[in-house]
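Engineer: how would this look folded up:
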Amino acid sequence: MSAKFQNSASEARRIKVRATAGGIHLFNRATGTNVLIDEIRPSPANFSQAPRQVSIALTNACDLACEYCYAPKHQAHLPFEDLKGWLRDLDEHGAIGIGFGGGEPTLYPKLTEVCEFATKDTNLAVTLTTHAHRLTPKLLRGIEGNINFVRVSMDGVGSTYEANRGRSFDDLIGRIKNLSSLVPFGINFVVNSETILDLDPAIELASKMNAREFLLLPEQATAFRLGIDEHTRRMLTTWVEGYSGAVPISVSEGNSDGLPTCNPLPFETGLSAFAHIDAAGKLKRTSYDQFGVTISQIGIIAALEQLKESHQLSIQ
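Structural biologist: Residues are numbered from 1 along each chain as shown. As a prediction, the model looks like this:
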């Protein structure tokens, strides 16, 4: 086999094909390119069964103690062999990407191995959400080439960040600069009354560091905090409406109420678009949900169907 043919085959493998109500969705994980062929409308029986994107909490462990964190605090982490099987199933049933998070995913003992598996044994795009303080040169070498995008949590700048996260802001910026030379990255920004006034300097800094995205996360309610208040939410809406910066801004689907948004794939919503696997191995609609279906008992696709049925019953 010629080298030219091998390279062509390798490029073809990067193209993910997803059948949807809106047409045939093609995705290249190496470039991030999305193409929708809406002249072809698959029948519902042929729709891809897996969600377009699945977030996976590898572990509940975290070495920070942010007051607004909504992640479960009981000890749990996903068995590596189970995780590999779920990734294969998601890939085979049309998922485009998976996002590893936590807790803090860099505390998962087999992080480099699972990233390598997802890249080499599936055609899934791999993202990582991290506080970045454990992104040592050794770990970066371990995941280099096996991560398509990294999301770094940066809630506020300077003293605001340090009060929230309990870590040096200068150290964070140094970690991001090391990361940015290896892989595209974006910023995750929890918005509450303490961080809202830092949006402009945070965006300016993200632009200088060549961030590809700025993800807004209105604070969620927890057992100890009420979440974003209405005054702050109105301030956020006004800010988004007036935004004209260079860094693309986005908001997670579950946080988009009241914000001016544009959904490029409106035909895929709910569990067709997104699902979450928590560190105990339960499939959920979002990471905020309390209800979930245990995957290991029935498999991930059957768990997805059960979750869809439960949701339909709950809204009838």
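
Engineer: switch to C-alpha atoms for all contacts and neighbour counts from now on
Structural biologist: Noted.

Engineer: quick one: contacts for the nearest residue to residue 191 once chain neighbours are set aside?
Structural biologist: In this structure, residue 191 finds its nearest non-sequential neighbour in residue 218, 4.6 Å apart by C-alpha to C-alpha, 6 or more residues apart in numbering. Remark: with contacts taken as C-alpha atoms under 8 Å, 6 or more residues apart in numbering, residue 218 is in contact with 190, 191, 192, 227, 228, 233, 255.

Engineer: so where's the stretch 51-200 of the chain shaky on pLDDT?
Structural biologist: Judged by pLDDT under 70, the stretch 51-200 of the chain has no weakly predicted residues.

Engineer: circling back: can you name the two of the contacts of residue 218 that are farthest apart?
Structural biologist: Greatest spacing in those, by C-alpha to C-alpha: 192 and 255 (12.7 Å).

Engineer: in what helix or strand does the most centrally placed residue in the chain lie?
Structural biologist: Nearest to the mean C-alpha position of the chain, by C-alpha atoms, centre = their mean, lies residue 99 at 4.3 Å. Assigned by DSSP states H and E, residue 99 falls within strand 97-101.

Engineer: Contacts for that strand, please.
Structural biologist: 52-59, 124-130.

Engineer: mind redoing it with 7 Å?
Structural biologist: 52-58, 124-130 (C-alpha atoms under 7 Å, 6 or more residues apart in numbering).

Engineer: ok, and the most crowded of those residues?
Structural biologist: Of all those, residue 58 has the most neighbours under the rule other C-alpha atoms under 10 Å, reaching 31 neighbours.

Engineer: who are the neighbours in contact with that one?
Structural biologist: Residues near residue 58 by C-alpha under 7 Å, 6+ apart: 77, 78, 100, 101, 102, 105, 108, 279.

Engineer: Dump the residues you listed to a markdown table, plus distance to residue 177 and neighbour count.
Structural biologist: Output for the contacts of residue 58, formatted as a markdown table (distance: C-alpha to C-alpha, whole Å; neighbours: other C-alpha atoms under 10 Å):
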| residue | distance to residue 177 | neighbour count |
| --- | --- | --- |
| 77 | 29 | 21 |
| 78 | 30 | 18 |
| 100 | 21 | 25 |
| 101 | 21 | 24 |
| 102 | 23 | 27 |
| 105 | 20 | 25 |
| 108 | 23 | 21 |
| 279 | 29 | 24 |
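
Engineer: which residues in the stretch 1-150 of the chain form strands?
Structural biologist: Taking DSSP state E, counting those that start in this stretch, the strands of the stretch 1-150 of the chain run over residues 15-20, 23-28, 33-37, 53-57, 97-101, 125-130, 149-153.

Engineer: Which of those strands sits closest to residue 266?
Structural biologist: The nearest among the strands of the stretch 1-150 of the chain, by C-alpha to C-alpha, is strand 15-20 at 10.8 Å.

Engineer: Paired strands for that closest one, with orientation please.
Structural biologist: strand 23-28 (antiparallel) (DSSP bridges).

Engineer: How far off centre is the partner strand?
Structural biologist: Distance of strand 23-28 from the chain centroid (C-alpha atoms, centre = their mean, to the nearest Å) equals 19 Å.
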